[in-house]
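Asker: Give me a model of this one.
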Amino acid sequence: MFSSIRNFLHRHRRKFFVTGAVIGSIYLLLSYAQKRLREWQEREAKKFFEMTRKKQHFESTERTCNQTILSLSKIVSESILNILNTEEIVQKLQENPDNKLALWEQMKIMIFTRICALVYALSILNVTLRIQLNIIGGYLYRDSVREEGPSMIDSELQAKYLSLCHHFVGPGVEDLVKQIEKAVKRVVDPISLKKKITVQEVEQIFWSIQTILCTDTENGDPVKKMVHYLVNHTEINEAKFDTLVKETMDILETDEVISISVSTVSRSFSSVVDEVANLFVSKWVPTTKNHLEAVDDHIVTNGALKSGPSQPFIDVNQVDMHFVKLLPVVNELITKNTCKGNTNIPDLLTQQLTLNEKLKLLGANIYELFSST
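Answerer: Have a look, this model is predicted:
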């Protein structure tokens, strides 16, 4: 029996060798595949946890960024309103002084300077702070995942770096107001207080001021001077701080950031014009009989008001208002209290800038760049 088995194995030895080799190869391949699968699963799990951790850290950075922006925006707004204090002029006008015409002329310059300064200052503040805080957030994330070595950015360096914006909040805003006031005078001074003005003409005023500022060869475009407002006053005597400042300067001077900043300024001016248009609709009251035509208890004035099935339709582009009557309601729009349900231009601009998708995407890209290990 053993001899027959031995003969059988001898006759089929090649088949057994081949079969064994195949089975062994399959076993090795299965073992290798299982090992690779486990490694892939571990890598994917690690990657998932890292992405989750990074996402949570970025969201925390965003919340900090928004809170900081809201806090400093309020300070900047109050600073501008204090520098351009129209309340004193309003009180003098209420006393009906002999120089009331001169006071009204001064008032119109201050009101438009207020609005333009708010638009530019809040836009610059939002852009620079979002860049700074996402740079810090990126570095802090890298520190949190590093297993050894000194931290890349400590609390002292963070404080020193973030204090850069304090110059803009103080002296920087004052310089900006002076520059904007010169541009406003060039555009608004020639406009008579008695002139009837439309929403389109108000929009043209803002556009002209923006054009003058972006082509200002003497002082420079405020949007392109963000580096000046942020770092040109700072003494740098530390290597890490110098690196942070240079990285920030490089980002602020990129075409992408300048383009986004110009876009935010233009969008903010559009929002202001929309609020002024609402004033034309809500505050405007026709007074001259020869300018009116009564039709079924509705008023038609140059096609501005047209009766409809339920209520008149107001074509705001056809409505005009004496410039002198526009100034007080615009001034009220800047300063009135939001707790009463009223619109407040500084808060409106701050909210829109905080929710601006382009600025959010810019911050996310900067965070991703500086958090990459």
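Asker: Tell me how far the closest residue to residue 368 other than its chain neighbours lies from residue 203.
Answerer: On the basis of Cβ to Cβ, 6 or more residues apart in numbering, the spatially nearest residue to residue 368 that is not a chain neighbour turns out to be residue 138, at 7.5 Å. C-betas here are computed from N, CA, C, even on glycine. Distance from residue 138 to residue 203, counting by Cβ to Cβ, to the nearest Å: 39 Å.
Asker: before we move on, what about residue 326?
Answerer: Separation of residue 326 from residue 203 (Cβ to Cβ): 13 Å.
Asker: Name the residue in the two with the higher neighbour count.
Answerer: residue 326 (24 against 17; other Cβ atoms under 10 Å).
Asker: my read: that one touches residue 319, true?
Answerer: No - Residue 326 is not in contact with residue 319 according to Cβ atoms under 8 Å; the separation is 11.2 Å.
Asker: Near residue 348, how many other residues are there?
Answerer: Using other Cβ under 10 Å, residue 348 has 18 neighbouring residues.
Asker: Remind me what the helix or strand hosting residue 251 packs against, helices and strands.
Answerer: Using DSSP states H and E, residue 251 falls within helix 239-252. Contacts defined by 3 or more Cβ pairs under 8 Å, 6 or more residues apart in numbering; DSSP states H and E place helix 239-252 against helix 100-145, helix 155-162, helix 226-231.
Asker: Nearest to residue 185, out of these?
Answerer: helix 100-145 (5.8 Å; Cβ to Cβ).
Asker: what is the mean pLDDT for the closest one?
Answerer: Taken as a whole, helix 100-145 has an average pLDDT of 92.
Asker: That helix to helix 155-162, inter-axis angle?
Answerer: 150 degrees (axes from the mean of the first three to the mean of the last three Cα atoms, to 10 degrees).
Asker: orientation of helix 100-145 relative to helix 239-252 in degrees?
Answerer: 120 degrees.
Asker: Tell me the helix or strand right after the top helix by length along the chain.
Answerer: Across the chain, the longest stretch assigned as helix under DSSP state H is helix 13-83. Sequence order places helix 87-94 as the next helix or strand after helix 13-83, per DSSP H and E.
Asker: For that next one, enumerate the helices and strands it packs against.
Answerer: Judged by 3+ Cβ pairs under 8 Å, 6+ apart, the packing partners of helix 87-94 are helix 100-145, helix 323-335.
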